[in-house]
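Peer 1: Predicted model follows, preceded by the sequence.
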Amino acid sequence: LYAVVRRTINGVARRFVERLATRRIETIADAAFLDAHLVYDGAAATVISGLDHLAGATVGVLADGNVLGDLTVSAAGTLTLDRAAAHVVAGLRYDQQSWIETLDIDLGQVQGLGTVQGRRLSVPRLTVRVEASREFRAGPDLDHLTLTKVALGSYGATPDLITGDVDITLAATWTGHGRVVLQPNGPVPLTVLAISPDIVIGG
C-alpha cells in the first residue's frame, strides 16, 4: 500500500509518499516498526545521514537489532548514535500509541460462587503466546504496565525474536472488569496469538 501522508515535522506540515513495510520477519534486522523510516546498511558508523525529511524530529532507532533511546535528527538530516552500528532503522515512533486491550472477562457461573458479575477481579499472572516478537509491556491498564524481556540472549548479543509462551507476573490490581493491556516496548515486533490470564475473584 502506498499513501500520501501529511506529517508535522519540526513545526512544519509536510507531505510524504510512503508505503507499508513488509510484515515478513525472520530476524530482528527485518523489523521496521517506524513511520517515515529509512534503513542504513553498511560499515559500522556513529553518524547516519540522509534523514533530511525528518530534520529536527525526534525519532526512534533500532541499531543492529538493539533499541536505542529517542534521538533528534539534526537540521542537516544526520543522526548521531552513541555507538557504531552497521544496520540502522530510524523513523517516527508509533508504538506509544499502539496497544492491545482485551474485553471484559465474564466467567459466567462459577461453582461455589454463583455469578461473578459485579465482583472484583485481579489478574496477577498472565501467559502470552507470541510469534517472532520482542520485549513488550503488560498490565491491567496503560498506567500499570510491567516490562517483560521475552528474549534475553547471551550477554552483549542482540536479543533474538521469540515464538512461544511468555509468562508474566503483573502488578496486583483489583478491577471490575479484569482486562489486560499489551504494548510493544519500542519499535519492535509484537504478534500475539493467545492471551491466557490467571484470574483471582474478590468480593
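Peer 2: Right, received. Where do you want to start? Numbers count the residues shown, from 1 in each chain.
Peer 1: Any regions of this protein where pLDDT drops low?
Peer 2: Under the criterion of pLDDT under 70, the regions of the chain flagged as low confidence span 107-118, 150-157, 203.
Peer 1: now do 50
Peer 2: In the predicted model, the chain carries no residue with pLDDT under 50.
Peer 1: for Pro187, helix, strand, or coil?
Peer 2: Three states are possible here, and by DSSP: H, G, I helix; E, B strand; the rest coil the one that applies to Pro187 is coil.
Peer 1: So Ser196 belongs to a helix, correct?
Peer 2: No: the secondary structure assignment for Ser196 gives strand rather than a helix, going by three-state DSSP.
Peer 1: Chain neighbours aside, what residue packs nearest to it?
Peer 2: The shortest distance from Ser196 to any residue other than its chain neighbours is 4.3 Å, reached at Thr127 (C-beta to C-beta, 6 or more residues apart in numbering). The C-beta positions use only the backbone N, C-alpha and C, and glycine is treated the same way.
Peer 1: neighbours of the nearest residue to Thr27 once chain neighbours are set aside, just the number please.
Peer 2: Setting aside the residues directly before and after it, Thr27 is nearest to Leu161 in space (C-beta to C-beta, 6+ apart), at 6.9 Å. For Leu161, the tally of surrounding residues (other C-beta atoms under 10 Å) stands at 21.
Peer 1: Would you mind measuring from the nearest residue to Gly186 once chain neighbours are set aside to Ala90?
Peer 2: Ranked by C-beta to C-beta, 6+ apart and with sequence neighbours excluded, the top spatial neighbour of Gly186 is Val67, at 3.9 Å. Noted for Val67: a distance of 12 Å to Ala90, by C-beta to C-beta, to the nearest Å.
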